[in-house]
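J.: no FASTA, just this:
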Ligand SMILES: Nc1ncnc2c1ncn2[C@@H]1O[C@H](COP(=O)(O)OP(=O)(O)OP(=O)(O)O)[C@@H](O)[C@H]1O
Ligand SMILES: [Mg+2]
């Protein structure tokens, strides 16, 4: 991973501690994240790099609160979000997270404007 930190701000806002994600494939277990401990400081930019199957998407799904860890902890601004229920995770995503997907995940029946307005509607 490559990190670029902007000056004057070194507060850690996102932390993974011993983060594990195991996918169950029938009888087989896939260790997609095998105990990742890492901190991201406010104002820093990161690129997550690695070969296919190394767990990049798995980690992004965890960081984006789209999926949950099998074990370990995920802190956002000190709050352990690993234990939050689905509604709380949705609320957190709505208010604090932005995600640009590889496929755009737009709603095809809606115009561009309506697609943009939809999360604003849920924000009130
Ligand atoms: N839903 C799933 N069920 C079972 N195994 C999965 C699932 N998603 C990912 N995996 C497995 O977990 C491991 C990590 O996959 P992941 O998609 O996170 O890798 P990646 O680094 O994003 O790969 P790529 O560069 O191809 O996008 C792989 O062995 C993959 O086969
Ligand atoms: Mg991927």
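T.: Happy to help now that I have it. Here the structure is a predicted model, which is why all the values come from computation and not from measurement. Ligands and ions are numbered 1, 2, ... in the order given.

J.: can you count the residues close to residue 12?
T.: As a burial measure, residue 12 scores 14 neighbours (other CB atoms under 10 Å). Just so you know, the C-beta spots here come from the backbone N, C-alpha and C atoms, and that holds for glycine as well.

J.: Hmm, it is touching residue 43, no?
T.: No. Assessed by CB atoms under 8 Å, residue 12 is found out of contact with residue 43, at 10.9 Å.

J.: residues from this protein in reach of ligand 2?
T.: The chain comes close to ligand 2 at residues 56-57, as judged by CB under 5 Å from the ion.

J.: quick check, stretch 102-117 touching ligand 1?
T.: No. Counting by CB under 6 Å from any ligand atom, ligand 1 has no neighbours in stretch 102-117; the shortest distance is 8.5 Å.

J.: Sorry, slip of the keys, the one I care about is stretch 56-71.
T.: Yes. Using CB under 6 Å from any ligand atom, a contact is recorded between stretch 56-71 and ligand 1, made by 56-58.

J.: just for this protein, where's the confidence low?
T.: Low-confidence segments of the chain (pLDDT under 70): 1-10.

J.: tell me which element the closest residue to ligand 2 within it falls in.
T.: Per CB to the ion, residue 57 is where the chain lies closest to ligand 2, at 3.1 Å. Using DSSP states H and E, residue 57 falls within helix 56-63.
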